[in-house]
Structure formats: structure tokens, C-alpha cells
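Enquirer: 3D model of this:
(one chain, ligands or ions: 1)
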Amino acid sequence: MDHRPIRSFVLRQGRFSPAQQRALDLFWPQWGVEYAADSPLSASRLESLYGRQAPLIVEIGFGMGEGTIALALQRPDWNFLAIDVHGPGVGGLLKKIAENGLTNVRVMRHDAVEVLTHSVLPETLDGIHVFFPDPWPKARHHKRRLIQEGFVRVLAQRLKSGGYMHLATDWQDYAEQMLAVLRAEPLLCNRAPENFVERPETRPLTRFEARGMRLGHGVWDLWFERRISGGK
Ligand SMILES: C[S@@+](CC[C@H](N)C(=O)[O-])C[C@H]1O[C@@H](n2cnc3c(N)ncnc32)[C@H](O)[C@@H]1O
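Expert: Just a heads-up that it's a prediction; the model follows:
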């Protein structure tokens, strides 16, 4: 029997540009974080990774990383952990971190479901960003969508009390699925009761969103917070 888990991505053998490959070789040792299921990101490990204590934001699926960079420049007082599986994007983000002289971004090249489940400890995160996750539009592929009941529970548990989750998508039925799943999670409360929020100014425009806008797609933002008194 086949016991492979259902994943939210298909690993493309995307080709690295020479610059992305060079950035990976040069900067991974400095800013890359290897995944190890048995070595969680404890407070002391995080402090040594970033060289300081600061609010921690996880971004799932950063793509080419332009949004990550814009946010890290906006908030030098926050630490960012950017996670994606796509190698050339990882090389591209490392290159942009260096070009912008950023010291507050670390990068993981691994399935975020495993990272959040096994490496991030409960009540560790101040924020979680999920911008334009793959929509998997065909009904038979909906099981691959990242935002599902079980994973949302994990995400909610990883947030500190009062921590936030900001999601955006340009796929209406996925937006509605996100809203339903997040509303059903008892640890979370919706900043816009019952509904989506206006696009927060803090969310940078990514290449993916710009493409959607050119194609006339709508965009839906969701903002939920972990209840202050919630148990685990
Ligand atoms: C549609 S792109 C959006 C990228 C970016 N957020 C943007 O707005 O341009 C989705 C990204 O999520 C990544 N991804 C999908 N599932 C993932 C997972 N389980 N763990 C980490 N990254 C994932 C893909 O590799 C891809 O780069």
C-alpha cells in the first residue's frame, strides 16, 4: 500500500539561475536552517539563530521572496522565518537578503507542514503569513490545499496568545474554504467577525498577486488571532 502523505506541492525541477545557485552556495550556511524533526526550534535555538530575541513571524510559501524582503525591511525589529520547498526561490531569497543587507530573515527549504508540526513549538509565533498558497482548483485536488482543518489547528497552537494569522488568496472558493475552516477553529477569532478584512497596507504586492490583478482576479484577505485565554 502507498503511505506517502498528500502534499500541498509538487516539487518542480526548476532550474537555478547561476546567481541563485551562487547565492545558495554562499549564503545557505549563514541564513539557511536545516530541518530536523528531532531538533525543535526552542527559544535558545531561535536566539542563537538570529543573535537576538524578537517577535517571530513565519511565512509559508514565499515563492520568489519579494514579499518577504519588503516585510523584513518594513519591520527590522521582527525576526522572519521564511519556508518554501522550491530551490530556485530559496536561492533567490538568499540573494535578496544579501543585497538588502538584512539580518532578520532565516530560510528553510522544507515542507512547511512538517516544519510547523515537528520543529515549531506550541505558543512560539507572533504571526503566520500565508500569501497566495497554491489553489489546487480541481475538486479532486482540494485535499492538497494547505489550509485544512488539521493543519489550521497546528498553526493556531503554534501562535502565542494574541498572535495573528494573515492569509490571502485570489481564488474565491479557496477563500471561502479558508474562512469556514478558520472560523471553525475554537482557538482563533476573526478580526472581521464573520468575514474577510480589507487588504492590510502591510501586505506587500508579490509577483504572483500582480499577475492575478492583470488577469482581473479578486483578492481576499483573512486575519485571525489566537484567543487570549485559549487552552491548547
Ligand atoms: C502560488 S505560490 C505563491 C508564492 C508567494 N507567496 C507569492 O505570493 O508570490 C505558492 C508557494 O508555496 C510553496 N509551497 C506550497 N506548499 C508548500 C509547503 N507545504 N511547504 C512550503 N512551501 C510550500 C510553493 O513552492 C510556492 O512557492
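Enquirer: Report the separation between residue 169 and residue 126.
Expert: Per C-beta to C-beta, to the nearest Å, residue 169 is found 22 Å from residue 126. C-betas here are computed from N, CA, C, even on glycine.
Enquirer: which of the two has more neighbours?
Expert: residue 169 (27 against 17; other C-beta atoms under 10 Å).
Enquirer: Show me which residues of the chain are close to the ligand?
Expert: Residues of the chain lying near the ligand by C-beta under 6 Å from any ligand atom: 8-9, 60-63, 67, 83-86, 89, 111-113, 131-134, 146, 206-209.
Enquirer: where exactly do the helices run in the protein?
Expert: Counting by DSSP state H, the chain has these helices, from start to end: 18-31, 43-50, 66-74, 87-99, 112-114, 149-158, 172-184, 207-214.
Enquirer: in this structure, which helix or strand is least confident?
Expert: Least confident helix or strand, the chain: helix 207-214 with a mean of 86, by mean pLDDT, DSSP states H and E.
Enquirer: Hey, what's the angle from that one to helix 66-74? Just curious.
Expert: For helix 207-214 against helix 66-74, the angle by axes from the mean of the first three to the mean of the last three C-alpha atoms, to 10 degrees is 110 degrees.
Enquirer: For helix 207-214, which residues meet the burial criterion?
Expert: For helix 207-214, burial by neighbour count (16 or more other C-beta atoms under 10 Å) applies to 208, 209, 212.
Enquirer: Please indicate which of the residues of the chain next to the ligand are buried?
Expert: Buried among the residues of the chain next to the ligand (16+ other C-beta under 10 Å): 8-9, 60-63, 67, 83-86, 89, 111-113, 131-134, 146, 206, 208-209.
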